[in-house]
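Engineer: I would like to see how this sequence folds:
(4 chains)
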Protein chains: 2
Amino acid sequence: MATQLPPLAAIRAFEAVARHGSFTRAAGELGMTQSAVSYQIKVLEERVGTPLFVRRPRRIALTEIGRRLAPAVSEAFEHIAAAWQEARHGAQGTLVINTLQTFATAWLARHVGSFQLAHPGIAVRIETEQKVIDFARNEADVAIRAGSGGWPGLVEHQLIGTDFSPMLSPRLAASVGGLREPVDLLKLPIVSPNDPWWPDWLVRAGLAADALAGRPRTSLGSQSVEASAAIAGQGVALLTTAFYRQEIEAGLLVQPFDIVGTEGQRYFLVYPEARRNAPKTRAFRDWILPLFDQKTA
Amino acid sequence: MATQLPPLAAIRAFEAVARHGSFTRAAGELGMTQSAVSYQIKVLEERVGTPLFVRRPRRIALTEIGRRLAPAVSEAFEHIAAAWQEARHGAQGTLVINTLQTFATAWLARHVGSFQLAHPGIAVRIETEQKVIDFARNEADVAIRAGSGGWPGLVEHQLIGTDFSPMLSPRLAASVGGLREPVDLLKLPIVSPNDPWWPDWLVRAGLAADALAGRPRTSLGSQSVEASAAIAGQGVALLTTAFYRQEIEAGLLVQPFDIVGTEGQRYFLVYPEARRNAPKTRAFRDWILPLFDQKTA
DNA sequence: CGGGATACATAAGGGAGTTTCATGCATCAT
DNA sequence: ATGATGCATGAAACTCCCTTATGTATCCCG
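Structural biologist: Predicted structure coming up:
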């Protein structure tokens, strides 16, 4: 539908002139000279084939044709301006976070509320993805990636490592008189004894890799559920330490040993360089970085 | 109301892309290259602060923001296009003729109907003016001017001179056995004996300037009324010869003598050079010139 | 599983359309 | 009259936009 449109720069000038009834004032609004406006109107009049303004001594008046054209154009521009403003506002007001499923459920879901409280003007949408995303083909503004960094064109901030360690509720720990040695863990129920991370950690702690063999093969499926179970005192869970800093600080969980296993990756906050200074990007960065700061380096 | 508008060239490209779902096809519609469209979309995305399209393998898709922006823009452009088309059409379809009162009543009013029959798509508006008009400050497309020609910036076509001569109906002429000498006129009633043109003509005809003195000072006010009276056989009228060619050819009037007076001016059809090729201008020119052609040179 | 075709991105370069500047002209107000 | 206001115009400069050429990724086909 190759609808024939007038030259848009000229029609824009026309609209302003019609509204102001003056080339000079229209030029003021448009940020150009009276001369340029005069030129554009002339172009438009040549294109339409008839004058759009009658030049009277110290003022101009719309011709019949101009009088019919002006309101339609003004209205159309108002709609465009409104939609544009809304788009700009929407762009500033909605933060799309792309994140790995694990990070979303294990950490982000529990904490994003505080970001929204801190920035009530920014709506948040969380997209979860299995693989590393490409900003060119996703709507995300920022993403949480796991890996080792070094993505071209992206700004990256290291958030946390993937160190994991057993955690449990202080009450459960106290129930066995405290945990001094890793071997003391074996006296307690284990939330997900068949978690593939356990052998790794057990070995690092000087225990047998199969020390948990034979226990019921229960699995709660995600860290956050395991964490909840641990907090409820149901057993020991092997959790990514960085994800539960706040719970440890709040006394809901304890990490009895410094011994950690690791997946050998790190989590990063990344976003396109082009958007590094967008307010919503800054807001998110400035909110999330302190939460992982320091002890995770 | 300096409403913030997006870059219009870019928004135009965006609209086409959104409609086609393809940079390449949009470029086709817009008559530019895919490359240019890509550039414009990039500009717009930078301006709005967020991507408007998601780049998927062999196709693109609107983002949330783009999806909300596109319909509003499309609709606005449709309105502009419609108004523009209407303006163009109106410009082509209405011919504004500015003319001197005398020409309008003495000739144009009686003949314009045939123009309208020949060009049913063109509406005609006749503006009458006392003075010579300036196209810059009137809405006229063409004008009939009296003068001696030589107006800058205007195309001019000589129509007729202002020669005038006595005219009467053939029956009235026959009633006195035909007119052989100018003096024979004095036997007949004169429609407007005190018309200022009479003394001029009488002298040229070798009669006394005041040969009509003492006749009742009736005046019908305009040539066309005088002509009607003459056609009705009520007397002799002094008429601009060129205005009544058709009536003479039709046998309604006779001009008994070749002796003519003149106002020393000519009538011209004029119009701005810029509009010389507008269809309606050509139509009017091609209609009116043959009507005065030849014997008026 | 190559090879071609399709679609968008990007860099460099040039050109047409706009804009500005300077000036002129007409009108209006004082 | 005289200055101020407002639009038109011509020349020159600039800016933006478009084109050309090329790259990259994906899809499709045999």
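Engineer: Show me where chain A has its helices.
Structural biologist: A:8-20, A:23-30, A:34-48, A:64-93, A:101-103, A:109-118, A:170-175, A:197-204, A:223-231, A:245-249, A:279-292 (DSSP state H).
Engineer: could you give the mean pLDDT of the shortest one?
Structural biologist: To tie it back to what came earlier, the one meant is helix A:101-103. Helix A:101-103 shows a mean pLDDT of 84.
Engineer: Okay, buried residues for it please.
Structural biologist: A:Thr102, A:Phe103 (16 or more other C-beta atoms under 10 Å in any protein chain shown). (Each C-beta comes from the backbone N, C-alpha and C, glycine too.)
Engineer: Neighbours of the closest residue to A:Leu172 other than its chain neighbours, how many?
Structural biologist: Among residues not flanking A:Leu172 along the chain, A:Gly233 sits closest, at 4.6 Å (C-beta to C-beta, 6 or more residues apart in numbering or on different chains). Using other C-beta atoms under 10 Å in any protein chain shown, A:Gly233 has 14 other residues around it.
Engineer: So what's the predicted local confidence for A:Gly233?
Structural biologist: Reported pLDDT for A:Gly233: 90.
Engineer: Near chain B, which residues of the stretch 151-297 of chain A are found?
Structural biologist: A:Ala274, A:Arg275, A:Ala278 (C-beta under 8 Å from any C-beta of the partner chain).
Engineer: Setting aside sequence neighbours, what's the nearest residue to the last one?
Structural biologist: The spatially closest residue to A:Ala278, leaving aside those adjacent along the chain, is B:Gly49, at 5.7 Å (C-beta to C-beta, 6+ apart).
Engineer: for A:Lys187, same thing?
Structural biologist: Residue nearest to A:Lys187 in three dimensions, not counting chain neighbours: A:Val176, with 5.4 Å by C-beta to C-beta, 6+ apart.
Engineer: and if you look at A:Arg276?
Structural biologist: Nearest in space to A:Arg276, with sequence neighbours left out and distances taken as C-beta to C-beta, 6+ apart, is A:Val155 at 5.2 Å.
Engineer: Next, the contact list for that neighbour, please.
Structural biologist: A:Val270, A:Tyr271, A:Pro272, A:Glu273, A:Arg276 (C-beta atoms under 8 Å, 6 or more residues apart in numbering or on different chains).
Engineer: any idea how far B:Leu8 is from the third one?
Structural biologist: Counting by C-beta to C-beta, to the nearest Å, the separation of A:Pro272 from B:Leu8 is 26 Å.
Engineer: coming back round to it: including distance to B:Asn138, could the helices of chain A go into TSV?
Structural biologist: Output for those, formatted as TSV (distance: least, C-beta to C-beta, whole Å):
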stretch	distance to B:Asn138
helix A:8-20	19
helix A:23-30	19
helix A:34-48	14
helix A:64-93	12
helix A:101-103	73
helix A:109-118	64
helix A:170-175	94
helix A:197-204	89
helix A:223-231	79
helix A:245-249	79
helix A:279-292	54
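Engineer: Could you pull up phi and psi at the residue nearest to A:Ala278?
Structural biologist: Phi and psi for B:Gly49, reported as degrees, to the nearest 10, are phi 90, psi 10.
Engineer: quick one: contacts for it?
Structural biologist: A:Arg88, A:Ala91, A:Gln92, A:Arg275, A:Ala278.
Engineer: circling back: now do the same for the residue nearest to A:Arg276: its pLDDT.
Structural biologist: 86.
Engineer: How about A:Gln85?
Structural biologist: 89.
Engineer: With A:Arg58 instead?
Structural biologist: 77.
Engineer: cool, the one 5 residues further on as well?
Structural biologist: Looking at A:Thr63, its pLDDT reads 90.
Engineer: what are the phi and psi values for it?
Structural biologist: Backbone torsions for A:Thr63, taken as degrees, to the nearest 10, come to phi -80, psi 170.
Engineer: Please look at it and B:Ala140 and confirm they touch.
Structural biologist: No. Checked against C-beta atoms under 8 Å, the pair A:Thr63 and B:Ala140 is beyond contact range at 10.2 Å.
Engineer: Tell me the spacing between the residue of the stretch 51-200 of chain A at minimum distance from DNA strand C and A:Ile41.
Structural biologist: Nearest residue of the stretch 51-200 of chain A to DNA strand C: A:Pro57, at 2.9 Å (C-beta to the nearest atom of the strand). Separation of A:Pro57 from A:Ile41 (C-beta to C-beta): 17 Å.
Engineer: Please name the nearest non-neighbouring residue to A:Asn98.
Structural biologist: Per C-beta to C-beta, 6+ apart, closest to A:Asn98 is A:Ala140, 3.5 Å.
Engineer: dump the residue contacts of the one you found.
Structural biologist: Taking C-beta under 8 Å, 6+ apart as the test, what A:Ala140 contacts is A:Val96, A:Ile97, A:Asn98, A:Glu127, A:Ile133.
Engineer: do you know how far the second one is from A:Thr105?
Structural biologist: The one in question is A:Ile97. The spacing between A:Ile97 and A:Thr105, counted by C-beta to C-beta, is 13 Å.
Engineer: domain parsing for chain A?
Structural biologist: As given by automatic domain parsing, the domain ranges for chain A are A:8-91, A:92-162+A:264-292, A:164-249.
Engineer: Would you reformat those as TSV and include distance to B:Ile160?
Structural biologist: Listed next are those as TSV, based on distance: least, C-beta to C-beta, whole Å:
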stretch	distance to B:Ile160
domain A:8-91	28
domain A:92-162+A:264-292	71
domain A:164-249	98
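Engineer: circling back: save the contacts of A:Val155 as CSV, and put in distance to A:Asp163 too.
Structural biologist: Formatted as CSV, the contacts of A:Val155 follow (distance: C-beta to C-beta, whole Å):
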residue, distance to A:Asp163
A:Val270, 21
A:Tyr271, 25
A:Pro272, 29
A:Glu273, 29
A:Arg276, 29
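Engineer: Strands - which of those land there?
Structural biologist: A:Val270, A:Tyr271, A:Pro272 (DSSP state E).
Engineer: my guess is the second one contacts A:Ile144, does it?
Structural biologist: Right, the one you point to is A:Tyr271. No. If you go by C-beta under 8 Å, A:Tyr271 and A:Ile144 don't touch, sitting 10.3 Å apart.
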